[in-house]
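Asker: Predicted model and sequence below, questions to follow.
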Amino acid sequence: MMKRAKAILSTVFFCLLASVALSADAQTTGYTKLNVKGRVQLEVPSDWTISDAEQRRRVKEFSEKITGVAIEHVASLSAQSYPAPSRAFVRVSFIPMEPPLTQADVRQEVQANKQQVLRDLADTWREEAPAMWAGMAKYGVKEVGRPRFAVEIIGGQTALIISYGRTSTANAAETMRVTQYHVPLGAEKALITLSHIEGDPQATAAQSRLKSSIVIR
């Protein structure tokens, strides 16, 4: 699983400062339904800010600048609570996978030895994360606590999960909880990143509602 873990987690560590819209698919009361490339559907509060393609491209370039690592993808969706400083974020990216890894492959690996899958994720994170934190440290961002690793169903699909805390870019006394959901879908994976300020009831409730709305095809 270690090689697969590296493939699953590749290029994800440097897309953390995105705070940056896709056109709305439909409106519900208080929420906007978004359909991202026909593969991920979710709902965000209607007063959130949704970034346009140019903003998302700038975030990619900024991430490359602070890490010195080339990033092969631009987020397909980036949205945040408003007004600034934002308290909650969601980002969706689609990243090529080589070799391909299907949902059936992931389920088989997890059923065979879930603890080994989690150990491989943790080992890969420990190998790759220092470069991320070194880049973030240039902007005063520090790791808070220890990362968590899990396997969970989200949007009807099996996801490999990494969750970690970092200091908020707006207030170093606050912790931003970042949770990455890596969802292999064959030749590509969906990377769904949810972030919110810990201890903020409104931000926590918004993220819980958003997560429950996700459907992945």
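Answerer: Yes, it's here.
Asker: need the longest helix for the chain.
Answerer: helix 103-137 (DSSP state H).
Asker: Pull the distance from that one to the chain's centre.
Answerer: Put simply, helix 103-137 sits 14 Å off its chain's centre (Cα atoms, centre = their mean, to the nearest Å).
Asker: Just the buried residues of that helix, please?
Answerer: 103, 106, 109-110, 117-118, 120-121, 124-125, 128-129, 132, 135-136 (16 or more other Cβ atoms under 10 Å). Every C-beta, even on glycine, is put in place using the N, C-alpha and C of the backbone.
Asker: Tell me which other helices or strands it touches.
Answerer: Judged by 3 or more Cβ pairs under 8 Å, 6 or more residues apart in numbering; DSSP states H and E, helix 103-137 is in contact with helix 2-9, helix 53-67, strand 143-154, strand 157-167, strand 175-184.
Asker: Quick check: chain neighbours aside, which residue is closest to the residue nearest the centre of the chain?
Answerer: By Cα atoms, centre = their mean, the chain has its centre lying nearest to Thr193, at 1.8 Å. Residue nearest to Thr193 in three dimensions, not counting chain neighbours: Arg91, with 4.4 Å by Cβ to Cβ, 6 or more residues apart in numbering.
Asker: got it, and Gln207?
Answerer: That would be His196: by Cβ to Cβ, 6+ apart, it lies 4.6 Å from Gln207.
Asker: how near is Gln41 to Ala112?
Answerer: 31 Å (Cβ to Cβ, to the nearest Å).
Asker: Please disregard the earlier target; I meant Ala172.
Answerer: 43 Å.
Asker: swap in Met132?
Answerer: 30 Å.
Asker: again with Asn171
Answerer: Counting by Cβ to Cβ - Asn171 and Ala112 are separated by 44 Å.
Asker: try Tyr164
Answerer: 27 Å.
Asker: go on, Ala88?
Answerer: Taken as Cβ to Cβ, the span from Ala88 to Ala112 is 36 Å.
Asker: Next: Ala75.
Answerer: Here Ala75 is placed at a distance of 32 Å from Ala112 (Cβ to Cβ).
Asker: what lines up beside the lengthiest strand in the chain in the sheet?
Answerer: Ordering each strand of the chain by length in residues (DSSP state E) puts strand 88-101 first. Sheet pairing of strand 88-101 (DSSP bridges) gives strand 77-80 (antiparallel), strand 186-197 (antiparallel).
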